[in-house]
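**Student:** Let's see this in three dimensions:
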Amino acid sequence: MSAVWRLLRSVKLRAFGPAKEYVGSDPFGNQYYRIPKHETWAGQMIKERRFVEAAGVKEYEYQTGDIPVEWEAWIRKKRNDPPTIEEILRAQKYQEEMKRRIEDVYEKERLLQAKEYKEGLVAEPRQTQIKGHASSPHFGKNEPSEEPVSTANIFQPGSWMPPKDSGRNK
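**Tutor:** So this is what the prediction gives:
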């Protein structure tokens with residue numbers, strides 16, 4: 001009887017390929033699978049395939065950082081073994097520590113700048129008003145003119161307007 005089951009199993013593998021194998025999950029709830037290397041019914045060798053099934057998110061909606069770096073390396077076959085939970089948690093702890101240190105450095109820099117501004121060692125940055133397209137200066141001209149306006153350091157393009165008495169509408 002075992003020979004019959006082996007035959008049926010080999011026919012199933014040749015026809016449909018092997019089933020996906022669960023490899024692990026991450027703290028976000030994503031589940032990772034692999035389909036091992038196998039041979040099709042036509043004799044073609046198919047490489048191992050690795051993929052993720054998202055937790056509540058479509059695959060095309062993923063943003064950078066939704067998959068832990070360790071799992072991404074496994075999916076892209078940069079590493080042979082899938083990451084462990086301890087490894088992922090250690091990396092997250094390291095990232096949080098780096099964020100805290102970076103915030104501390106920025107805060108020290110802000111305090112130092114404020115002190116230097118107060119003592120007059122450094123000029124304060126100028127505050128600019130943003131008006132119009134691409135922060136271009138506003139010259140008090142509210143409506144476009146037919147002719148471009150230009151002076152030594154500024155240029156304001158004109159806009160073309162059709163003539164008032166067009167011959168087409170007669």
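
**Student:** Wasn't Pro34 part of a helix?
**Tutor:** Wrong residue type there; residue 34 is Arg, not Pro. No. Arg34 is assigned strand when assessed by DSSP: H, G, I helix; E, B strand; the rest coil, not a helix.

**Student:** For it, list each beta-bridge partner.
**Tutor:** As for beta bridges, Arg34 partners with Glu21, Arg50 under DSSP bridges.

**Student:** Need the pLDDT of it.
**Tutor:** On pLDDT, Arg34 comes in at 92.

**Student:** Distance check, Tyr60 against Asp66.
**Tutor:** 12 Å (C-beta to C-beta, to the nearest Å). Bear in mind the C-beta positions are built from the backbone N, C-alpha and C, glycine included.

**Student:** pLDDT below threshold where in the protein?
**Tutor:** 1, 13-17, 59, 125-162, 165-170 (pLDDT under 70).

**Student:** tell me, which helix in it spans the most residues?
**Tutor:** Determined from DSSP state H, the single longest helix within the chain is helix 85-119.

**Student:** Who are the packing partners of that helix?
**Tutor:** Helix 85-119 sits against helix 69-75, with contacts defined as 3 or more C-beta pairs under 8 Å, 6 or more residues apart in numbering; DSSP states H and E.

**Student:** Which residue lies nearest the spatial centre of the chain?
**Tutor:** Residue closest to the average C-alpha location in the chain (C-alpha atoms, centre = their mean): Thr64, at 3.9 Å.

**Student:** isn't there a helix covering that residue?
**Tutor:** No. Secondary structure of Thr64 (three-state DSSP): coil, not part of a helix.

**Student:** and it, backbone torsions?
**Tutor:** For Thr64, the backbone dihedrals are phi -60, psi 130 (criterion: degrees, to the nearest 10).

**Student:** Let me see the contact set for Tyr117.
**Tutor:** Going by C-beta atoms under 8 Å, 6 or more residues apart in numbering, Tyr117 touches Glu124.
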